[in-house]
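> Sharing a sequence plus its predicted fold:
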Amino acid sequence: MPPRTLTFVLFVSVGVAGLAVPAGAETRRVCASGCQYSGLQAAIDAAAPGDTILLKAGETFVGPFVLRRKASSTQWITIRTDTADSLLPGEGVRLVPSGKPGATTQRSLLPRLVGQGGTLKTTPVVRTESGAQRYILRFLEIDGVANLGWETLIAIGDDTANATASHIVIDRVYAHGHAQKGMKRGIALNSAHTDVLNSYISDVKAVGFDSQGIAGYNGPGPFRIINNYIEGAAENIMFGGSDPAITGLVPSNIEIRRNHLYKPLAWRQPILAVPASPKGSASSTAGKLSAGTHYFRVVAVMGTAAATAVSAPSTAVGVTVSANQSAALTWTAVSGADRYRIYRGSSASTQGVFLETAGSGTSFTYTANSEKSGTPPASGTKWTVKNLLELKSAEHVLIEGNVMENVWQAGQAGYALMLTPRNQDGKATWTRVRDVMIRSNIIRNASGVMQVVGYDNNYPSQQTQRVTLRNNLFHGIDPATWGGSAKAYLIGEGAADVVIDRNTLIHTNSSVAFAYGKLKMLGFVYTNNISQHHAYGIMADNGRPGQYSIDLYFPDGTVTNNVLAGGTASAYPTPNAFPTVEQWKASFVDLAAGDYRLKSTSVFISAGAGGSMPGADMGVLNAALAGTATPPPSEPAPTPPPDDGGTANTPPIARPGGPYTVAAGATVVTTGSASSDAEGPIAAYQWTWGDEILINAADVPAGSIVGTRWSRVQAPGAAGGWAIHNPDKGEANKKDSPLASPGSYVNVQFYAAAGVPYRMWLRMRAQNDHYNNDSLFVQFDRSVNAQGQAIHRIGSASAAIVVLEEGNGAGVSGWGWNDSAYGGTALGAPVYFATSGLQTLRIQQREDGVMWDQIVLSSGEFFGRRPGATKLDTTIVPGSFGSSEGMTGSHTYKTAAVYPLVLTVADAQGAVGWAMTTVTVGAPVSSTALVAQAGGPYEGVVGQATRFDGSGSSVPAGVTAQYRWTFGEEIVLQAPIFTAVGSRW
C-alpha cells in the first residue's frame, strides 16, 4: 500500500478567549422577494453591532425570533420598518395604530411579526438570547395571533440565572395579543437597562390566571416605561409576582411616566355573547331522540391558552320529534367562538346533557348520539381582572404623570394600586417594596385607590417602607359603581413611612384611610389632602373615626392640614378643616364637569400647611401628564412635620455600565456617567468591588437584628462608636452548636464572588474581659468549602466559631481581631460561596456577653494577615476598604472570578440609589505569546507508529499548557463547536 500524506494540527490553550467586533456597520434588508434576506432570523444572526435591519412595510414575518448575543460593543442593532421616518410618529410621540382612537400610524406602514403557533404557541414571538444586549425594536407590529392566548409576546431576558439581557429598547411598537383569545403577557422585563417607550400594548387578557401588559421579576433594572398605552386584564404593569432565579434580586430604579393604563369596560362583561335567535325543527336524519318535545339551549365556547371560556346559554327552543328522529338547530354566530355546546332537556329550564359542534358553524343536527352529562353555565366567563399597577418586589420606583383608569371588583377588591411584598414561592426572603414615589397622576373609575401592605402574610419578606402618594387626582372612586367595599386607601400589616400628601380625592368610600392588621405603622403622614369624610374618614379595625384610630395604628402619625368635608372636627387632631358637604361641592370650578381646581372663594382655599392651597396642584399635575413638569415652588412648612410642598426628593438612579471583563492583575476601568438624578447633579459615587468586604455594626439595618438577645449599643473604641452586643445574662455554658431556627440573631447582607477564597475576621470585645463572654457562631446562606461542599449554612447546626482568646498571642483584653481558627494558631479555613451575588451572613449566640463592631471578608490585603491585634486593639478598618469613590472607578483583582460590582450614588439631599453589574476576571495575561508549533512535515508508514514533536511551541513562564494532537483520519465533531443558523436548531 502506498504511503499517505496526513495533516496534523496542534492546539495549545490556556483558556483565554476574546470576541472580535466587526469593523463597519451595514443596512440589511429583509422582504419576501428581492432583498438580501428573505427571513428576519437570518438577518439577526448575521447582524453586527451598529447594523440596521430594515423590514418591508406591510409584509408578515413568521417567527419566533431570537435576539442573539453579539460581541460586546457600545453600538446598537436596530430592527425597524423600511418606511421613511417622515411618515411615522416622531421622537417621543406615541404610536397609535389605525383603527384605534387617536391613531398616529397606518398599520400598513409597519412590518408584522407573528409566531408559528402549533407546538410553538407557547414561545414568545420575540425573545432574547442569554446575555443579548443593545437592540432597538422600532416601528414594528408584533402580533400574538398565532399564540392563541398562550404566554408572552415579547420576552426580554428570562427566568434563569444565566447572563442577563441588557440595553434593550422597544420604541413606537404596536404589540398585541389575539383579539379574541388574548395573551398572558405583553412584554416581560427580566433584564437590565431596558426601555419601553411610546408604544401601544393591547389585548393582553387571560382566563383563570394573571395577565400583564408589562411584567418583570428576574431583572435588576433600571427600567423606563414612558408614554405607552397599556392594557392588561389582571395587572397593566407589575413587578414581582414570581421568585427570581437570581438570588437577592429586587427590580430597582423603575420609571413609569406618562402612560395610559386602561382596562376596556367591555371586560366587565362576559367574553362571549349569548348565541341569539336559536331556531329548531324536526330533521329527517335518523337519531336517538325519543318521541315528544325536546328543549335546546346553545352556549358559545372558545379556547384561550389552557382555559375554556363559555357564554351564558341562549333562550330555549323547543323541537317536537318522532321516536328515533333528530333535531335541526340554527343560531346566530358569536364573535370569537371556536365551537358551540347544545344542551338538551325535557323543559325550557332544565337541560342535563349536551353535544358539542366540531367547529364554529351555526347549524347542527342533534342526533343524541354520544351525549355527555352537563348543565348549561349560569353565566358567561369573564377575563381575570385585578388592578392597574402592582408592586410585589420593587424599589426606587417613580410613578409620575400617568392616567390610570377602569378597575372593578373581580379577581380582587378593585384597588387601582397594589403595593404588597410577595415572597411568592417562599424562596425570596429579601423581597421588598421600598422607596416608591407616586406623584402627579390621575386615577379614575375604581373601587379604591391604593392598598399598601407591610409584610407578606404567607412567607417571610422585608418590610414595606417609604411609599409616598403626592399631588395626585383621584376621581370616580366609587364602590357602588365599581363593586365591593374598598376603602380609598387601605394600609396594613406594619407598612412604614407611608406619606399621603396634597391629593384631591373625589370618592364615595365609607372610609378615606383604613388601617388593619396586627402591627402598628410608624411614620404615617396624612397632610394637605382634600376629600369628603363620608361615614368613617380615617378609621381602623376595632377603631372609631379620627384620633382614636390614629393612636391605635399610627402612634407617631401626623394628620394635619387636611379637608374632610362633612366630618366631625372634635374627633381629629388640629389643624384640619371640616366644611359642610355643600361648601365642599361649591368650592370647585366645575365639579359636575370634572374641573377640580379650587375657586378662590372656597372656604378651605388656605387650609393647607402655612396657609397654602390644599389638594393637588392641577398645573403641576397637567405638566407631568404632558412631560413638561417642573417641581412646584416650595411652600411654608408646617410644624410638625416639615412640608416640601409637593417637591419631595426623588432618589437618584445608579447606572454602573458593564458587564466588564478584565484579566487578573490588570486594571478594570468603570464608569457611572449614565447615572442620573431628577432634581440635579449627582453628588457622590461609590464603587464596591466585591473582592474585599467590610461590614460595620453601625450600618446594619435595625430590621436585621432579630429577637431580644442582640442590640446595637454605643461602645467606646468601636468603629463609628457603635457595636452589636449580646449582653451577659449569666448563662454559664457555651452552646455546642447553632440553632437551625433561632429566635434571636443578626443577619447581614453583602455581595461576594463564587469560587474566591475569603478570609473572615471579626473585631470583638468580651464583656468584663472574661473568657466566658468571647465567642459567637457565624453562618452563611450559600457558603461552601474548597471542594464546593455546603458548610456552615443558615438553617443547619453547622457554623464557623470565632473565639477572641484563641490563637497565638490572643486574649480577652479590650478589642481584638480574630478569625475562625478555633483550637489552633494557624489561620482559619477560607470562606467560599457557591454563587456570585448577594450573600447573607448570620451571627448567633455561642456565649453571651460578646460584642462586635467590624467584620472583614478579604481575598487580598487581609487574606494572609490579621487586620489588627488580637487584644488591646485600636485598629479600625477604614470605610474605604473594598470600595472607591468617583464617577469613574478603577480596580485590580488578584483572583479570576465573576465579581458583583455595586455602584451607589447619592444626591445633594442624601437620597441614594444603587445598582449592580458584574466584572468577569479572567486568567492573567502573560507578556509572552502562546504559540503552537507542530513541527513536521512528517512521513510515516501505514500500520507503524509515527512520532510527532510539539516541543517547539512557545509557552509563557508560569503557565501550564495542555497539548492536544488532532489526526486527520478519525474525526469527531462536538456540538459546542457548531454554529446554528436559523431558529429551528
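Cool, got the structure. Source: prediction; values computed, not measured. Numbers count the residues shown, from 1 in each chain.

> Please enumerate the helices of the stretch 601-750 of the chain.
For the stretch 601-750 of the chain, applying DSSP state H, counting those that start in this stretch gives helices covering 618-626.

> Format the CA atom coordinates belonging to the one helix or strand R224 maps to as CSV.
Assigned by DSSP states H and E, R224 belongs to strand 223-226. Output of strand 223-226 as CSV, limited to C-alpha atoms (Å, rounded to 0.1, in the frame of the first residue of the first chain):
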residue,chain,number,x,y,z
PHE,A,223,-36.4,50.2,33.6
ARG,A,224,-38.1,53.1,31.9
ILE,A,225,-41.7,52.7,30.9
ILE,A,226,-42.7,56.0,29.3
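
> Starting from that strand, tell me which strands it pairs with and how they run.
strand 192-197 (parallel), strand 252-257 (parallel) (DSSP bridges).

> what about those strands, which gets the closest to Y751?
strand 252-257 (14.0 Å; Cβ to Cβ). Quick note: C-beta positions are derived from backbone N, CA and C, even for glycine.

> where does this structure have low pLDDT?
1-24, 629-651, 678-679, 732, 807-809, 822-826, 925-930, 956-960, 974-984 (pLDDT under 70).

> center of it - which residue?
For the chain, the residue nearest the mean C-alpha position is Y217 (3.1 Å; Cα atoms, centre = their mean).

> just to revisit the earlier point, next SSE after the strand holding R224?
Past strand 223-226, the next helix or strand by DSSP H and E is strand 229-231.

> who touches the helix or strand following that next one?
Downstream of strand 229-231, the next assigned helix or strand under DSSP H and E is strand 235-239. Residues outside strand 235-239 that contact it (Cβ atoms under 8 Å, 6 or more residues apart in numbering): 210-217, 225, 230, 232, 241, 251, 254, 256, 259, 261-263, 386-394, 397, 404, 418.

> Out of those, which sit inside strands?
212-216, 225, 230, 254, 256, 261-262, 387-391, 394, 397, 404, 418 (DSSP state E).

> Enumerate every residue touching the closest residue to A897 other than its chain neighbours.
The shortest distance from A897 to any non-neighbouring residue, by Cβ to Cβ, 6 or more residues apart in numbering, is to A753 (4.2 Å). Neighbour list for A753: G690, D691, F833, S836, A897, V898, Y899, P900 [criterion: Cβ under 8 Å, 6+ apart].

> cool, and V66?
V66 makes contact with Q41, I44, R127, T128, E129, S983, according to Cβ under 8 Å, 6+ apart.

> Point me to the helix or strand that includes the first one.
With elements delineated by DSSP H and E, Q41 resides in helix 40-46, which encompasses its position.

> Now that helix: buried residues?
Residues of helix 40-46 classed as buried by neighbour count (16 or more other Cβ atoms under 10 Å): L40, Q41, A42, A43, I44, D45.

> What's the local residue count around A323?
As a burial measure, A323 scores 10 neighbours (other Cβ atoms under 10 Å).

> I'd say it and S290 touch.
Yes - counting by Cβ atoms under 8 Å, S290 is a contact partner of A323 at 6.0 Å.

> that older thread, among the contacts of A753, name the ones in strands.
Per DSSP E, these map to strands at F833, A897, V898, Y899, P900.

> what about burial for those residues, which qualify?
For the ones in strands among the contacts of A753, buried by 16+ other Cβ under 10 Å: F833, A897, V898, Y899, P900.

> What spatial separation is found between A300 and F139?
37 Å (Cβ to Cβ, to the nearest Å).

> More neighbours: which of these two?
More neighbours surround A300 than the other of A300 and F139, with 29 against 25 (other Cβ under 10 Å).

> How much space separates the more buried one from L519?
Counting by Cβ to Cβ - A300 and L519 are separated by 49 Å.

> same deal with T661?
Counting by Cβ to Cβ, the gap from T661 to L519 is 47 Å.

> next one: L40
54 Å.

> Report the distance from the helix or strand that contains Y135 to the chain centre.
Assigned by DSSP H and E, Y135 belongs to strand 133-143. The gap between where strand 133-143 is centred and where its chain is centred comes out at 21 Å by Cα atoms, centre = their mean, to the nearest Å.

> For it, name the packing helices and strands.
If you count contacts as 3 or more Cβ pairs under 8 Å, 6 or more residues apart in numbering; DSSP states H and E, strand 133-143 packs onto strand 77-81, strand 112-114, strand 126-128, strand 152-157, strand 166-176.
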